[in-house]
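>>> need coordinates for the below:
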Amino acid sequence: MNMTTTFDGLTLNNPVMPASGPLVGDTEKLLFMRDAGCGAVVTKTISTHLPVIPKPCIFAGKDHIMNSELWSEFSLDRWTDEFLPAYVKDNDRPLIVSVGYSKEDMDILIPRLDPFADAFEVSTHYVGTDLEVIGETVSTIRKHTTKPIYMKVSPHMPDPKAFAKMILDHGANGVVAVNSLGPTMNIDIQSRRVLSSNEKGFVWTSGPAIKPLALATVHQIREAAPEMTVIGVGGIQSADDVIEFLLAGANAVQMLSGALLKGKDLYAKIIKDLPKRLHAYGFDSVQDVIRTTLDKTVRYEASVPELIEDKCIRCNLCVNVCPYFAITMKDRITFDPDKCFECGLCVTKCPTKAIVMPSEINR
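Model (predicted):
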């Protein structure tokens, strides 16, 4: 199975890389990602001044991470004098250096970091939504490097397509979509206080909970700018998630929160699982997925669901969740065709896949 993905002169032996954050914050962590088999490695976001970080700063929910950790806690000097030299001497894959935030910062950061970087990722989290300012930031970076530039779009950006066009016009090669979602809030009822927050009471949320938003943003940008490199991030925790992002339009993917929720060995597991999952879905390579056109056919007629009785465990979940009161438990689960809206909720909620939509089977 050919796992290679290539873009902007960079070749990755697989499409999986870490996202910028606490797991790539110094030489030891960068080397861990290399040894886990990641196709490229990304640094924690480096800026011109040190952050003041609330403690504790990372909270794990069932399907999300809430984080007020900010950018690298180490100075630019530590990165250029210690971390990056130690890493690149044994590096054998692309290194993407993450930087932030203003165009004034870029005048300082890019010349210092350019000798170590194969590409730059630029966080726009604290830049705001003014596309002219973001365009000027890209132009400033481009003055100092010939390396690929990937701008990381935040979910609060009102028009991802306009964002993509602006950065392309000013010299960027692509986009990383998406950054964490925010502002968000985490409240502890017992103590009557906000947890893991900044001084305003807010945090940023990432992980599986934001995956649908991330997929949609990746696809919007791919449709708006087919020539642009798109790196997908937001909610990946399995090989199947990687394939979904590639189908949505990504050239490669990044993961962080999945590893914080399930453990750091998740990188190696996904990379190991990916060839098997590609084969299971009938793909011959990563490029085969990337070249696939996503079917977005809209249908307005379905059919009443049917029960596979030997799979039914009589849990009554479908009865309880049905918003149209169309399902009852008699001797068996029964669907009322006069009430059923053919919405499909019961199909997706059934824990044993005992409910099917015949129209979906016959597609």
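
>>> which residues of the stretch 1-150 of the chain fall in helices?
Secondary structure of the stretch 1-150 of the chain by DSSP state H, counting those that start in this stretch: the helices cover 27-36, 76-78, 84-88, 103-113, 131-144.

>>> okay, the ones you listed in CSV with mean neighbour count next?
Glycine gets a C-beta too; all of them are placed from N, C-alpha and C. Output for the helices of the stretch 1-150 of the chain, formatted as CSV (neighbours: other Cβ atoms under 10 Å):
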stretch, mean neighbour count
helix 27-36, 17
helix 76-78, 14
helix 84-88, 18
helix 103-113, 18
helix 131-144, 18
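
>>> the ones you listed: which one's closest to Thr229?
Comparison of the helices of the stretch 1-150 of the chain against Thr229 by Cβ to Cβ identifies helix 131-144 as nearest, at 13.9 Å.

>>> what is the closest one packed up against?
helix 103-113, strand 119-123, strand 149-153, helix 160-169 (3 or more Cβ pairs under 8 Å, 6 or more residues apart in numbering; DSSP states H and E).

>>> who touches the third one?
Outside of strand 149-153, the residues within contact range by Cβ atoms under 8 Å, 6 or more residues apart in numbering are 20, 96, 98, 119-125, 134, 138, 141-142, 160, 163-164, 167, 171-179, 217, 221, 229, 231.

>>> what of the second one?
Applying Cβ under 8 Å, 6+ apart, the external contacts of strand 119-123 come out as 8, 10, 20, 42, 45, 71, 94-101, 106, 110, 113, 137-138, 141, 145, 147-152, 173, 176, 179.

>>> what do you get if the cut-off is 7 Å, keeping everything else the same?
Defining contact as Cβ atoms under 7 Å, 6 or more residues apart in numbering, one finds that strand 119-123 is touched by 10, 20, 42, 45, 94, 96-101, 137, 141, 145, 147-152, 176, 179.

>>> partners of that strand in the sheet?
Paired strands of strand 119-123, with direction, are strand 95-99 (parallel), strand 149-153 (parallel) (DSSP bridges).

>>> got the angle for the first one vs helix 103-113?
Between strand 95-99 and helix 103-113, the angle formed by their directions is 150 degrees, by axes from the mean of the first three to the mean of the last three Cα atoms, to 10 degrees.

>>> what average pLDDT does strand 95-99 get?
For strand 95-99, mean pLDDT rounds to 98.

>>> can you check the last one too?
Averaged over strand 149-153, pLDDT sits at 96.

>>> what does stretch 227-241 give?
98.

>>> mind listing what's buried along it?
The neighbour-count check on stretch 227-241 (16 or more other Cβ atoms under 10 Å) flags 228-239, 241 as buried.

>>> show me the residues you listed that map onto helices.
Secondary structure defined by DSSP state H assigns 239, 241 of the buried residues of stretch 227-241 to helices.

>>> so of the buried residues of stretch 227-241, which ones are in strands?
Under the assignment DSSP state E, these contribute 229-233 to strands.

>>> make JSON lines out of these and add distance to Leu266.
Output for those, formatted as JSON lines (distance: Cβ to Cβ, whole Å):
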{"residue": "Thr229", "distance to Leu266": "24"}
{"residue": "Val230", "distance to Leu266": "22"}
{"residue": "Ile231", "distance to Leu266": "18"}
{"residue": "Gly232", "distance to Leu266": "16"}
{"residue": "Val233", "distance to Leu266": "14"}
